[in-house]
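[1] Please work out how this folds:
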Amino acid sequence: MIIQLQQGIPTELKEAILKEVKQVGFNANEVKTQEAHYIVGIGKKDFDIRTLGQLPGVADIHRVSDEYKLISRKWRVNPTLIDLGDDVVIGEGNFSIMAGPCSIESERQIELVVEHLKANNVKIMRGGVFKPRSSPYAFRGMGLEGLRMFHQLCSENGIKIITEVMQVSQIEDMVDYVDVFQVGARNSQNFNLLDALGEAQKPVLLKRGISGTLEELLQAAEYIFSNGNEKIMLCERGIRSYENAYRNVLDLNAVPVLKAKTHLPVIVDPSHGIGLRDYVEPMSLAAVMAGADGVIYETHQKPEEAFSDGQQTVNFQESERLIKRMRQAFALRESF
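    This next block holds a predicted model:
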């Protein structure tokens, strides 16, 4: 059960509602976000919710049977739109393209990518400054110094940035330089990090775990929302299987299923999903037609010289073609 409280509700009215929720046999959990004030009731007792809905201070009330409550589409029919400012809005009705290198490598690299994105009217750049790598000897990013440079060059050119945060201690140092925090697949069930990002009040792109189910992804998103942050995007980035012909299995089944289960935007990462640059374009187009709200992929001026993930990174010529074709596919999808 979700009770949405009226804005600016007096403390005495809120306390009276909490008391009534407990009296009908439900545990009451108070959640206050950037957008609204809620009480999430957990319990199984059957009762007439109108007895709570008519209480002073209640703006709306809904039954939600899903284990994940706040991100469920059963109570919020209208989709969540995430406004990054400067007319950059992520969610249904908009198709968002997020592109850039796997790793931020140098000032010149950022300049070249920004130039490419601006030429193709792409407003969001991805790039890692803290990199979780399988080998401890691989390049692990430029750190906070690289993030400051990344932020400055992009903000000067009207580009929003998305970058990965790996641990709670990094959030405070990063928050002023980030438009969207990315939670990578390896951290998708780092609940301490998810709790902290709920309090950080910056949009979050939450990637599916390497072997994670959709239920686990949705529950992870609930952690962020329940700690105060409604600005969440879910990202399908492929799951591990026994197949070794490509990096991961890009589960495009997840896109329409997630769109039916949650009001949050759904983004697809074909670069990590298939791991081979020759197939990033067809999987991106398939993601568009599956109903994704956006695609995030890797591009570099010279993928063969990239510090990380060069095998799954497209060059600027391939990226320009991909951008045009995704926009054509989105226009076709919207015409149905």
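[2] what ranges do the strands span in the protein?
    2-5, 27-32, 37-42, 58-62, 82-85, 88-90, 96-100, 124-126, 160-164, 180-183, 204-207, 232-236, 266-268, 294-298 (DSSP state E).
[3] so where's this structure uncertain?
    By pLDDT under 70, the weakly predicted segments of the chain are 133-134, 136-139.
[4] what do you get if the cut-off is 80, keeping everything else the same?
    Along the chain, the model assigns pLDDT under 80 to residues 131-141.
[5] residue boundaries of the helices in it?
    Ranges of helices in the chain, per DSSP state H, are 11-23, 50-53, 107-119, 143-155, 168-174, 191-200, 214-226, 254-261, 270-274, 280-290, 316-335.
[6] how about these, which one is nearest residue 298?
    Closest approach to residue 298 among the helices of the chain (C-beta to C-beta): helix 270-274, 4.2 Å. In short, each C-beta sits where N, CA and C put it, glycine included.
[7] Show me what that closest one is in contact with.
    Here helix 270-274 makes contact (C-beta atoms under 8 Å, 6 or more residues apart in numbering) with 102, 185, 236-238, 246-250, 277, 279-280, 283-284, 287, 295-298, 309, 312-313.
[8] Write the ChimeraX selection for whichever of those residues are buried.
    To isolate the buried ones among these in ChimeraX, judged by 16 or more other C-beta atoms under 10 Å, type:
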select :102,185,236,237,238,246,247,248,250,277,279,280,283,284,287,295,296,297,298,309,312,313
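[9] Distance to residue 68 for the helices of the chain - can I get that in a markdown table?
    Shown next, in a markdown table, are those (distance: least, C-beta to C-beta, whole Å):
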| stretch | distance to residue 68 |
| --- | --- |
| helix 11-23 | 19 |
| helix 50-53 | 21 |
| helix 107-119 | 34 |
| helix 143-155 | 31 |
| helix 168-174 | 22 |
| helix 191-200 | 13 |
| helix 214-226 | 4 |
| helix 254-261 | 8 |
| helix 270-274 | 23 |
| helix 280-290 | 22 |
| helix 316-335 | 27 |
